[in-house]
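A.B. asks: Quick one, what's the 3D model for this:
(one chain, ligands or ions: 1)
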Amino acid sequence: MLSVSTLWGMRILLSQVGAVSFALAWSTISILGAESQPPYLDASQPIETRVDDLLSRLTLEEKISIIHADSKFTTIAIPRLNIPRRWLDDGPHGVREDIGPDTWNPAGRTDDFSTAMPSGICLAATWNPDLGYSEGEAIGQEARARGKDIMLGPGVNILRTPLCGRNFEYLGEDPFLTAQMCVGYIRGEQSQGVASCVKHFALNNEEFDRMNINVEVDERALREIYLPAFKAAVQDAGVWTLMGAYNQFRGQHCCHNDYLLNQILKDEWGYKGLVMSDWAGTHDTRQAALNGLDLEMGTDKKYDDFYLAQPYLDLLKKGELPLAGLDEKIRRNLRVMLATGVFDARRKTGSLNTAAHQEVARQVAEEGIVLLKNENQSLPLDPTKLKTIAVIGENATRLHAHGGDSSGIKAFYEVNPLDGIVKRAGGKVNVIYSEGYRKDGGADLAERAIAAAKSADAVIYIGGLNHDRGFDCEGADRADMKLPYGQDELIQKIVAANPKTIVVLEGTMVEMDAWLDKVPALLQAWYPGMEGGNALAKVLFGDVNPSGKLPATFPKKLSDSPAHALGNYPGTNGTVTYAEGLLVGYRWFDTKNIEPQFPFGFGLSYTTFRYSDLKLIPAESTNEVVTVQFEIENTGKVAGAEVAQLYVHQKNPALMRPEKELKGFKKVFLKPGEKQTVSIPLKKAAFEYYDAGKKSWVADDDSFEILIGSSSRDLRLRDSFHPATKKQARAKVFNLFPPYYAWNNKFTREEIGWNPGTEDAPQWTASFNFSTNGLYGYPASIRGWHYGWNPAEDNLFPKKLSETTSIPCSFSYNCGGDDLHGDFAYDLFLRHDDKKAAPQLEVMVWAGNNSTPIGELIATNITVADGVAFDLWAGTNAPVGYYVYSFMPHQKTARLPTEGSLNVDMMDFFRLLEGRPYFSKEMYLDVVEAGFEIVRGKGWVTCGWFSCEAE
Ligand code: BGC
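C.D. replies: Residues are numbered from 1 along each chain as shown. The predicted structure follows:
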């Protein structure tokens, strides 16, 4: 008889096979009556057209079925429209084993072993964003091979307290480092046609009472510490899905938190993907309906009773909730389906457990292991000089990959440290093993280990934490920062028995005061994944020169760290107040002058590096403020990598600022004697802080110290810089791109050169390098506008305007505070059917008060959203045939609110054109009757021209 889990396994297989054959069928077979291929299946159509089309075919009940789960990790298929079942899976460290369908028990499959990457904190310790990309790419390939559409990771919550049970999954304490590492990961994963799901948004920094704890944090710390990684995931990586956090923020659960999801994520940042709940993180139908949740997962109810299932349908039918809100959720879900190519017959099929993926796992471990102490060059070990090595400690043989809860992996294999050491030490060295400690272990374990230590030439002690609940595991925090199972005493006895004791700790940070000064060498190995034993052995024996750096401060004792020093953990009466504000991690230790055990950014090497020749080169023609340049030389005898870190210290800030903050870093690989010039460009953001009063980012007119170091407390070079002394227009450049930028556009902000103006000509312009970014150039400029166009990819939502009733367009803007204001434009490009033709017509909406309108005023006081009124101007602009129609603010001297968003329906605009004296009937026909199409979106680059007043 087949067991339930086997049946489940078959069901999975069948539906995956089914999905593939459906997809193949779509290109050839008519599935919808006479229509040969509906637009939503036509990959040459722009995504938004396909979304609109599919949306229009769904019944109300089908729509409801799309926005909640139909098993632990799937959503329902709609065979009528060939919408396949969507498969989600954890998580950040690889593709988790299949469970369910309706329980958390394993599905019992034999084909769900995967590559187990090191834990997130180990990836962060590499300080190598390229490795982030490789890891994401490998996991994306495995996800495809296992038929997954959405992968639940990376986790980017900030390490606020050493006790958080999920610190091992996350990327450390610093927003800049976390952002840099997650962007690469997401880009790599999504390059495989799999959606990443950045999580848990937001302020999910402890596991204590995790489903309910309410977090109170000031606006500035929210913006500067807790949100940057999410913002980078959205705006720099273009992440397709995001998971709400379990906890509450300002009294509302994060999975339906209006401020976080609607106002910040969707309105301000322009996020176009879907927001899903954490599993059982939804609590209320009305809030879920209205506050930004798009997909409900894991609720502890029957699927039909989920908050966004029948209860939502009932309220919609009664007219108590708007249908438009449902459609918005569907759009976001459909967009992710289309972005991941679920209807695409040529979708990537992936690969599982390849040597290349295992190589990535090993490389991350090799670069993530941190050498914290190495007295008298105790490491690396030389096997030719050792007869017997005693390996001691439970973690030498314990496997971790499967542990930790949702981030655990059923590893294809896992090399434990003992096996790695035995293999590397070679046949001539006698490796003996003694467990030394264990949960509930007796004194005899320690005695045997001490005897083993005495009999050996060297000891490798491998201890630390594990994934048992209460240590590094989801669902609970640690009770303290101590090593468990009497390891503090054990290490002291071992080192007394054999002074040549190398300590290797797995897990996250622990107190080390009891023994640290007695041991000659210490390695932090985190949870190094399936290749961890090999990677560790290579580091111990010097085949790999350690280059990891701590992504979080290791305090000497728990009470030194900010949340605990101020008594703000775990919270009282259900609320935890982040009273330390900005002073998280090293920001606290440095500002308060508290000596940590090991500082943020710290990590030793088997070689030495010399830093020299710091130069601060004010930027001339890009969006950078200054380029920081210096030399690094490997002055030792072995090859190695150094992570050069750049911190900024502000001298006389108007508001309190942390002592210093990481604003750049570079990992440099050098042969012995080799020297390299390192360049780190700094943008304006590197000098800014968030002014909650002004609701914007500001930089004071002040001097800043640029500090270059090997860690946050080992600073080797410094110089001062006063950004305001540079002859440059001071302008804020935020949200220059219409919201779809993050969605479709291939550009990163870095790839677009922003040229700040000067005091004489205070204008920002953008330049693109068309030959390197794959776009064809269509260099035209209207008062500073530039755009590129790629005919090969031009499948943008072509629509006959005459068949169109509504073209909603919205954009958000930031005018940069009270003293600056600029122009923002939003445009539609129009052209005839010939796909190779350049656009013949451009329609712009302008917001700002600095432009000179072209042509004539044709209508006044058109009120769009947010109470902003516009005049409508229109006119022609050279070259001939190129028309610009503009909305202008009603009062030319009026200021827009400094930050906000506008929504207009472009069709209203066209309707206004008709019959206006300035416009000939022909011109109107050009637009509406002559079959112009709107072309924009993928393949197009538009960017805002910005003018501002020099200060
Ligand atoms: C975790 C998420 C995870 C989800 C699904 C939740 O308990 O918080 O990170 O993705 O379960 O396993």
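A.B. asks: does the spatially closest residue to Ala232 that is not a sequence neighbour count as helix, strand or coil?
C.D. replies: Leaving aside its chain neighbours, Ala232 sits nearest to Ala179 (3.7 Å; criterion: C-beta to C-beta, 6 or more residues apart in numbering). Every residue, glycine included, has its C-beta placed from N, CA and C. At Ala179 the chain is in helix, as set by DSSP: H, G, I helix; E, B strand; the rest coil.
A.B. asks: ok, Ala179 - contacts?
C.D. replies: Neighbouring residues of Ala179 by C-beta atoms under 8 Å, 6 or more residues apart in numbering: 156, 228-229, 231-233, 236.
A.B. asks: Which one (most neighbours) among the residues you listed?
C.D. replies: Val156 (32 neighbours; other C-beta atoms under 10 Å).
A.B. asks: pretty sure Ile389 contacts Ile432?
C.D. replies: Yes: counting by C-beta atoms under 8 Å, Ile432 is a contact partner of Ile389 at 7.4 Å.
A.B. asks: and this protein, which residues reach the ligand?
C.D. replies: 90-91, 152, 199, 278-279, 406 (C-beta under 6 Å from any ligand atom).
A.B. asks: Can I get those in JSON lines including secondary structure, neighbour count and pLDDT?
C.D. replies: Output for these, formatted as JSON lines (DSSP: H, G, I helix; E, B strand; the rest coil; neighbours: other C-beta atoms under 10 Å; pLDDT from 0 to 100):
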{"residue": "Asp90", "secondary structure": "strand", "neighbour count": "25", "pLDDT": "97"}
{"residue": "Gly91", "secondary structure": "coil", "neighbour count": "25", "pLDDT": "88"}
{"residue": "Leu152", "secondary structure": "strand", "neighbour count": "27", "pLDDT": "98"}
{"residue": "Lys199", "secondary structure": "strand", "neighbour count": "28", "pLDDT": "98"}
{"residue": "Asp278", "secondary structure": "coil", "neighbour count": "24", "pLDDT": "98"}
{"residue": "Trp279", "secondary structure": "coil", "neighbour count": "20", "pLDDT": "98"}
{"residue": "Ser406", "secondary structure": "coil", "neighbour count": "21", "pLDDT": "96"}
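A.B. asks: Run through who's touching the helix or strand in which Arg362 is found.
C.D. replies: Assigned by DSSP states H and E, Arg362 falls within helix 355-368. Surrounding helix 355-368, the residues in contact under the criterion C-beta under 8 Å, 6+ apart are 115-118, 122-126, 128, 131, 134-135, 138, 141-142, 351, 412, 525-526, 528-532, 534-536, 538-539, 544, 547-548, 641.
A.B. asks: Could you do stretch 507-514 as well?
C.D. replies: Everything outside stretch 507-514 that qualifies as a contact, by C-beta under 8 Å, 6+ apart, is 121, 162, 167-168, 464-466, 471-472, 481-483, 488-489, 491-492, 522, 526-527, 552, 554-558, 597.
A.B. asks: Identify those among the residues you listed that sit within helices.
C.D. replies: Counting by DSSP state H, those place 121, 488-489, 491-492 in helices.
A.B. asks: Closest one of those to the ligand?
C.D. replies: Ile121 (15.2 Å; C-beta to the nearest ligand atom).
A.B. asks: Please tell me how far that closest one sits from Ala229.
C.D. replies: 14 Å (C-beta to C-beta, to the nearest Å).
A.B. asks: Next: Phe343.
C.D. replies: From Phe343 to Ala229 the distance is 31 Å (C-beta to C-beta).
A.B. asks: Pick out the residue closest to the middle of this protein.
C.D. replies: Ala233 (3.3 Å; C-alpha atoms, centre = their mean).
A.B. asks: For that one, which three-state class applies?
C.D. replies: Strictly by three-state DSSP, Ala233 counts as helix.
A.B. asks: shouldn't it be in contact with Leu242?
C.D. replies: Yes: with contact defined as C-beta under 8 Å, Ala233 reaches Leu242; the gap is 7.4 Å.
A.B. asks: which residues are common contacts for those two?
C.D. replies: Val198.
A.B. asks: and for the following helix or strand past the helix holding Arg362, what are the contacting residues?
C.D. replies: Using DSSP H and E, the helix or strand that follows helix 355-368 towards the C-terminus is strand 370-374. Identification of contacts with strand 370-374 by C-beta under 8 Å, 6+ apart yields 125, 379, 516, 519-524, 539, 546, 548-550, 554, 598, 602-606.
A.B. asks: let's see it at 7 Å
C.D. replies: Outside strand 370-374, the residues that touch it by C-beta atoms under 7 Å, 6 or more residues apart in numbering are 125, 379, 521-524, 546, 548-550, 598, 603-605.
A.B. asks: ChimeraX command to pick out the buried ones of these?
C.D. replies: Remark: buried members of the contacts of strand 370-374, expressed as a ChimeraX selection using 16 or more other C-beta atoms under 10 Å:
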select :125,379,521,522,523,524,546,548,549,550,598,603,604,605
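A.B. asks: Which of the contacts of strand 370-374 fall within strands?
C.D. replies: 521-524 (DSSP state E).
A.B. asks: In three-state terms, label Thr282 for me.
C.D. replies: Per three-state DSSP, Thr282 ends up coil.
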